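S.K.: Quick one: sequence plus predicted model below, questions after.
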Amino acid sequence: MQTFATETITRAALAAGLPEGRVIDIVKKDNLTIERPRVEIQFMPERYTRTGRKLSVTRTKTEQIRKRELYEVELTVNVNVLADDRAWLEAFSVDFVAALPRGGNDSRGNWIKVRAREATFSRPSDKRVGDEVIEVFTRVNRLFVLTFTGRITGEETEKLIPSFTINPTFK
C-alpha cells in the first residue's frame, strides 16, 4: 500500500505544480542543500481491523469462488510541503487536495480509498528588533494528513457437483 500511496501523492503533487523529482522521504532536519519547494512523506503504522465480509461470489460449472475481505487496512501518511513562498504554498495546497483521487486499485485489484483528513500550516515565529520584523529566510510549510484505506482479501474455492444421477431402488 505504501507504493500506491507514494505514486498517488507524487501524481497529485506534480499535477498541482511541484517540479519533477521533489517528492522524497522525510529527512531528520531541514537540510539547506535540499531544494524547496518539496514534499516529504512519512508513513505512520498501519492499522488492521478484522472484518470477514463477503465481497463477491463467482460460479463456474465446476466450482464456486467466494472473495472475502479478511482485514481492513488503514495507512496514515504525513505529507509535509516545504516552500519559500507563502503565495505559492497556498495555491499549491488547494491544487494538491483537488488533484487527489477518490481512490484507486492496488496491484491485487483491491480498491483503496484516499482521504485528506487535515492540514496544518506552520511558519517560524517573527524575529523582531524593536518595532521592525526582520525576515532573513521566509520558510513556510503545510502538513497534510492523508488516510489510505484498503483491504486484504482471500478467496475460498468450493468444488461443485457438475451432474448427478438418482437411481431409485424399489423393493
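M.R.: Done, it's in. Not measured: the values here are computed from a predicted model.
S.K.: Go ahead and report the secondary structure state at Ile166.
M.R.: Here Ile166 is coil, with the state taken from DSSP: H, G, I helix; E, B strand; the rest coil.
S.K.: wait, Ser56
M.R.: Of the three states, Ser56 takes strand under three-state DSSP.
S.K.: Just the pLDDT for the nearest residue to it once chain neighbours are set aside.
M.R.: Once flanking residues are discounted, Ser56 sits nearest to Lys67: 4.6 Å by CB to CB, 6 or more residues apart in numbering. Glycine gets a C-beta too; all of them are placed from N, C-alpha and C. We note a pLDDT of 92 for Lys67 in this prediction.
S.K.: mind listing what's buried in stretch 151-163?
M.R.: Arg151, Ile152, Thr153 (16 or more other CB atoms under 10 Å).
S.K.: quick one: which of the residues you listed sit in strands?
M.R.: When strands are assigned by DSSP state E, the members of the buried residues of stretch 151-163 inside them are Arg151, Ile152, Thr153.
S.K.: For Trp111, see how far away the second one is.
M.R.: This points to Ile152. 13 Å (CB to CB, to the nearest Å).
S.K.: Over to the last one?
M.R.: Between Thr153 and Trp111 the distance, using CB to CB, works out to 10 Å.
S.K.: ditto for the first one
M.R.: From Arg151 over to Trp111 the distance is 8 Å, taken as CB to CB.
S.K.: Walk me through the regions of the protein where pLDDT falls short of the threshold, as ranges.
M.R.: Within the chain, the segments meeting pLDDT under 70 span 28, 30-32, 123-129, 133-138, 171.
S.K.: For it, which segments count as strands?
M.R.: Going by DSSP E, the chain shows strands at 23-25, 38-43, 47-59, 63-83, 103-105, 111-122, 128-129, 132-133, 140-159.
S.K.: Need these in TSV (columns: distance to Pro168).
M.R.: Listed next are those as TSV, based on distance: least, CB to CB, whole Å:
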stretch	distance to Pro168
strand 23-25	72
strand 38-43	66
strand 47-59	29
strand 63-83	28
strand 103-105	52
strand 111-122	51
strand 128-129	101
strand 132-133	99
strand 140-159	26
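S.K.: Which one of those strands lies nearest to Ser93?
M.R.: For the strands of the chain, the distance to Ser93 is smallest for strand 140-159, at 5.4 Å, taking CB to CB.
S.K.: Can you list the strands that the closest one pairs with?
M.R.: Here strand 140-159 has these sheet partners by DSSP bridges: strand 63-83 (antiparallel), strand 111-122 (antiparallel).
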